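Student: Curious how this folds, go ahead:
(3 chains)
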Amino acid sequence: MRTLILVLDLIGTFVFGLSGAAAAVECGLDLFGVLVLSFTVGGAGGVIRDVIIGAIPPAAFSEWLYLAVAVLAGLFTFYCYPIVMRMRNPVLLLDAAGLGLFVVAGTQKALTYGLHPFAAALLGMLTGIGGGVIRDVLLSKIPAVLRTDIYALAGLAGALIVIVGTKLNLSPIVIACTGVFVCFGLRVLAMQYHWHLPVAKIE
Amino acid sequence: MRTLILVLDLIGTFVFGLSGAAAAVECGLDLFGVLVLSFTVGGAGGVIRDVIIGAIPPAAFSEWLYLAVAVLAGLFTFYCYPIVMRMRNPVLLLDAAGLGLFVVAGTQKALTYGLHPFAAALLGMLTGIGGGVIRDVLLSKIPAVLRTDIYALAGLAGALIVIVGTKLNLSPIVIACTGVFVCFGLRVLAMQYHWHLPVAKIE
Amino acid sequence: MRTLILVLDLIGTFVFGLSGAAAAVECGLDLFGVLVLSFTVGGAGGVIRDVIIGAIPPAAFSEWLYLAVAVLAGLFTFYCYPIVMRMRNPVLLLDAAGLGLFVVAGTQKALTYGLHPFAAALLGMLTGIGGGVIRDVLLSKIPAVLRTDIYALAGLAGALIVIVGTKLNLSPIVIACTGVFVCFGLRVLAMQYHWHLPVAKIE
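Tutor: Sure, this is the predicted structure:
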């Protein structure tokens, strides 16, 4: 199970790294900037969560595999940008899976550190969306997650599954799979059917 | 006294939440983005302070009332934006009160954690202005507090009152009231008479 | 040695403070904004590092000399902006020295707190470039370090010298001097000969 989680976690880091590196390439950053964005998008959510719950030093710094995977994603995007672009649809699918995974792992870690369930759900969602927010802030854009699609909401749904499942004393494996599946499914459906949240009317 | 502080604190969170949500609505963010901005502006200053002084997990995550109040402010702004706009003047007054309150509470909390008085004053000011800075960074603007009016300076004055009062062993209630009053008064006078700090000359 | 490091550290803070304040003046910020940028660029890298390794409260808040030096740099830039501009070349040299110093001190501090050498190198680099990244984010620009010149890479080279030297059990003084010198030299050569990292091709 531990190995499974690590593998899934690293897949998430790789996919998020691809998304960060692709955004960096499109903004004309140099190789180093691309690698920074790739590491940031893959790791920032987890770093913020770990600092807030007091898990020092954060996993992204204490476990070299995260950096290696992120650098790999960055190098691949940098040298094979056209390929990454042609794979946009599969990448979006993987990104949805990464979101689900980061949210579930983040929520469970926050619970382990004794946080109130509601705070753990917030932090789990933050783990999933944090990387993308920092990416957009660094590229001087308004974070996409704040203005488009059902993204963070799918994350929040996954986090709530974990909270409810833990209350019901279900097995952690069942909880994790359900949480990832619900979050992934919601995100994919939202992309497929262009679900949006309402925008306020200003007359 | 404890109840009084909590009530005032929540009023501050609500007012700061209104300001964050209003800015989000004006930038065309969706409902989720509006709620995030509302929670961020109400809570970010305190979260940064708590991470720096080591008060883990931060109050905004461990006490659900903060989130509830911030969400309320966000929903109200989202669905009643015209009303919030018509109340701009009262909101600015409440915002000045919120600033005073956050600064005083932030300085006192930092002192409790054994920080040097000068560091506590800095952190107190940061607690007051942090939410607004993050709001503007997320909306991809240069933070307003860095370029306009006497805002942070009013906060610093309130923090210094707390430091001096604590040195003189005055009663915490007297210190808090004086600090909030001085900060609030300075801010209101600065708005009334359009006080500005100088800008450097570039020839 | 301790005094030497403190002196060099404060020189670094002063020079980074100049760079932050100059950028703030160019964006038309008021006096307070200039002082904030000056303190931020001088101190933010170290604050992020200290929060991540758990050195609470960060040195920039517990040691008043840092704030004093940063404020001095800010006031000088604010009132003597033309002088600072005429000194641009010496300032760039001092900035390169500041980078080397912050990176070396950051890496050594991270090692002291028991971080894995590879994480310590990352954090050391972050200490050197963090202030500049926050400066650009606050001024709503894409961080310069991500798009131009060999800057962060020079920092990384300095950090690796510290890691290798520590593995070889060399004297800390020798390590520090070599690290600063290599980082400084690389940075100066990169400026002199306009070395750039490649940018990805988008067809």
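
Student: of all of chain A, which residue lies closest to chain C?
Tutor: Residue nearest to chain C within chain A (C-beta to the nearest C-beta): A:Gly33, separated by 3.3 Å. C-beta: built from backbone N, CA, C; applies to glycine.

Student: Any stretches of chain A with poor pLDDT?
Tutor: A:1-6, A:8, A:148-149, A:202-203 (pLDDT under 70).

Student: interface residues of it facing chain C?
Tutor: By the rule C-beta under 8 Å from any C-beta of the partner chain, the part of chain A lying against chain C is A:24-34, A:36-37, A:47, A:51, A:56-58, A:61-62, A:64, A:67, A:77-79, A:81-82, A:137-140.

Student: In space, not sequence, find me the middle residue of chain A.
Tutor: A:Gly128 (3.4 Å; C-alpha atoms, centre = their mean).

Student: distance of that one from C:Val188?
Tutor: 42 Å (C-beta to C-beta, to the nearest Å).

Student: Likewise for A:Val15?
Tutor: 39 Å.

Student: near chain B, which residues of chain A show up?
Tutor: By C-beta under 8 Å from any C-beta, the residues of chain A that approach chain B are A:51-54, A:113, A:115-116, A:118-119, A:122-123, A:133, A:137, A:140-143, A:145-148, A:152-153, A:196-203.

Student: At which residues are the helices of chain A located?
Tutor: With helices called from DSSP state H, chain A shows them at A:2-26, A:31-53, A:59-62, A:64-79, A:81-86, A:88-112, A:117-138, A:152-167, A:172-192.

Student: Mind checking those for the one nearest to B:Asp95?
Tutor: Among the helices of chain A, the nearest to B:Asp95 by C-beta to C-beta is helix A:117-138 (24.0 Å).

Student: returning to what we had before: buried ones among the residues of chain A next to chain B?
Tutor: A:51-53, A:113, A:115-116, A:118-119, A:122-123, A:133, A:137, A:140, A:142-143, A:145-147, A:152-153, A:197, A:200 (16 or more other C-beta atoms under 10 Å in any protein chain shown).

Student: Chain neighbours aside, what residue packs nearest to the residue of chain A at minimum distance from chain B?
Tutor: Scanning chain A for proximity to chain B using C-beta to the nearest C-beta identifies A:Leu146 as nearest, at 3.3 Å. Leaving aside its sequence neighbours, A:Leu146 sits nearest to B:Gly33 (C-beta to C-beta, 6 or more residues apart in numbering or on different chains; 3.3 Å).

Student: How about the contacts made by that neighbour?
Tutor: Going by C-beta atoms under 8 Å, 6 or more residues apart in numbering or on different chains, B:Gly33 touches A:145-147, B:24.

Student: can you do 6 Å?
Tutor: Contacts for B:Gly33 were tallied using C-beta atoms under 6 Å, 6 or more residues apart in numbering or on different chains; they are A:146-147, B:24.

Student: And the residues you listed, which is closest to C:Val7?
Tutor: When these are compared for distance to C:Val7 (C-beta to C-beta), A:Leu146 comes out closest, at 44.9 Å.

Student: OK, contacts around the closest one?
Tutor: Residues in contact with A:Leu146, defined by C-beta under 6 Å, 6+ apart, are B:29, B:33, B:36.

Student: wait, doesn't the residue nearest to the centre of chain A sit right on A:Phe102?
Tutor: Yes. Between A:Gly128 and A:Phe102 there is a contact at 4.4 Å, judged by C-beta atoms under 6 Å.

Student: ok, now how distant is the residue nearest to the centre of chain A from C:His116?
Tutor: A:Gly128 sits 26 Å away from C:His116, going by C-beta to C-beta.

Student: who wins for proximity to B:Lys109 among the helices of chain A?
Tutor: That would be helix A:31-53 among the helices of chain A, by C-beta to C-beta, at 16.5 Å.

Student: can you count the residues close to the closest residue in space to A:Ala120 that isn't next to it in sequence?
Tutor: Excluding its sequence neighbours, the residue lying closest to A:Ala120 (C-beta to C-beta, 6+ apart) is A:Ala110, at 3.7 Å. By other C-beta atoms under 10 Å in any protein chain shown, 30 other residues sit near A:Ala110.

Student: thought A:Ala110 was touching A:Met125?
Tutor: No. Here A:Ala110 does not reach A:Met125: they are 10.4 Å apart, not a contact under C-beta under 6 Å.

Student: still on that earlier bit, just the closest of the contacts of B:Gly33 to A:Pro90, please.
Tutor: A:Arg147 (24.4 Å).

Student: ok, the closest one touching B:Leu29?
Tutor: Yes. Using C-beta under 6 Å, A:Arg147 is in contact with B:Leu29, at 5.1 Å.

Student: and A:Ala96, what is it in contact with?
Tutor: Shown in contact with A:Ala96 (C-beta under 6 Å, 6+ apart): A:184, A:187-188.

Student: Export these to JSON lines and append columns for distance to A:Asn169 and neighbour count.
Tutor: Listed next are these as JSON lines, based on distance: C-beta to C-beta, whole Å; neighbours: other C-beta atoms under 10 Å in any protein chain shown:
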{"residue": "A:Phe184", "distance to A:Asn169": "24", "neighbour count": "22"}
{"residue": "A:Arg187", "distance to A:Asn169": "28", "neighbour count": "26"}
{"residue": "A:Val188", "distance to A:Asn169": "29", "neighbour count": "15"}
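
Student: That's all I had, so thanks and see you.
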